[in-house]
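J.: Sequence first, predicted model second:
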Amino acid sequence: MITQNDIDIFWKDFERDKVLAALQTNQNKDFPLPWEQEAALPVGSTRSSILTEALKTVTGQRQVDYGTVEDNFQNIANLWNSYFMNSSKGIPNIKSTDVASMMALMKIARLIHSPGHRDSWVDLAGYAACGAECGLKGASSGSGDTR
């Protein structure tokens, strides 16, 4: 049986994706996943809960539903490029990182009107994480999506 201590050691030694793959093979689920544990922040802290919720969102069912963030954001970029080309607004060069930035700006625009809307804050944190992943993977693969 895998213990919480085993997971803590494993978590520190390997990348998150490798840990998640290993956890998926554990059928017992006798221990909470790292994001299911309460963070060591004061009671009532929203920082931890917002980031935890964003983590669950961007690493959970959405990838199953929509594919990898890089592929999904590139599909959006391709559609936005096509839209702008066909609307006589010029030839765009939208990349997956632009999608993350523009979606974050959409959330910021919504927050101007409703600063207490929790979902917008969660989504904003999620778009930031996804944009970073697209940009960092673009830098390591040489795809040029690194502005």
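T.: Looks like it came in fine. Numbering: from 1, shown residues only.

J.: quick check: domain ranges of this protein?
T.: Each domain of the chain is listed here as a residue range: 1-37, 41-141, per automatic domain parsing.

J.: Of those, which shows the lowest average pLDDT?
T.: The minimum mean pLDDT among these belongs to domain 1-37 (a mean of 53).

J.: what about the helices in the protein?
T.: 4-13, 16-24, 46-59, 61-66, 69-86, 96-113, 118-141 (DSSP state H).

J.: Give me the buried positions along the fifth one.
T.: Taking 16 or more other CB atoms under 10 Å as the neighbour-count basis, helix 69-86 is seen to contain the buried residues 69, 70, 72, 73, 74, 76, 77, 81. Every residue, glycine included, has its C-beta placed from N, CA and C.

J.: One more: the fourth one?
T.: Neighbour counts using 16+ other CB under 10 Å place no residue of helix 61-66 among the buried ones.

J.: For the remainder of this discussion, apply numbering that starts at 3.
T.: Fine by me, first position is 3 from now on; the one you just mentioned is helix 63-68.

J.: Quick one: residues in contact with it.
T.: Helix 63-68 has contacts (CB atoms under 8 Å, 6 or more residues apart in numbering) with 71, 74.

J.: Could I get the contacting residues of the closest residue to residue 59 other than its chain neighbours?
T.: Leaving aside its sequence neighbours, residue 59 sits nearest to residue 128 (CB to CB, 6 or more residues apart in numbering; 5.1 Å). Shown in contact with residue 128 (CB under 8 Å, 6+ apart): 56, 59, 60.

J.: And for the first one, the neighbour number?
T.: Burial of residue 56, expressed as a neighbour count using other CB atoms under 10 Å, amounts to 21.

J.: so who does the closest residue in space to residue 71 that isn't next to it in sequence touch?
T.: Ranked by CB to CB, 6+ apart and with sequence neighbours excluded, the top spatial neighbour of residue 71 is residue 132, at 4.5 Å. For residue 132, the contacting residues are 60, 71, 75, 102, by CB under 8 Å, 6+ apart.

J.: picking that back up, ok, the buried residues of helix 71-88 vs residue 141, which is closest?
T.: Residue 141 has its nearest neighbour among the buried residues of helix 71-88 in residue 72, at 12.3 Å by CB to CB.

J.: thought that closest one was touching residue 137?
T.: No: using CB atoms under 8 Å, residue 72 is not in contact with residue 137, being 10.0 Å away.
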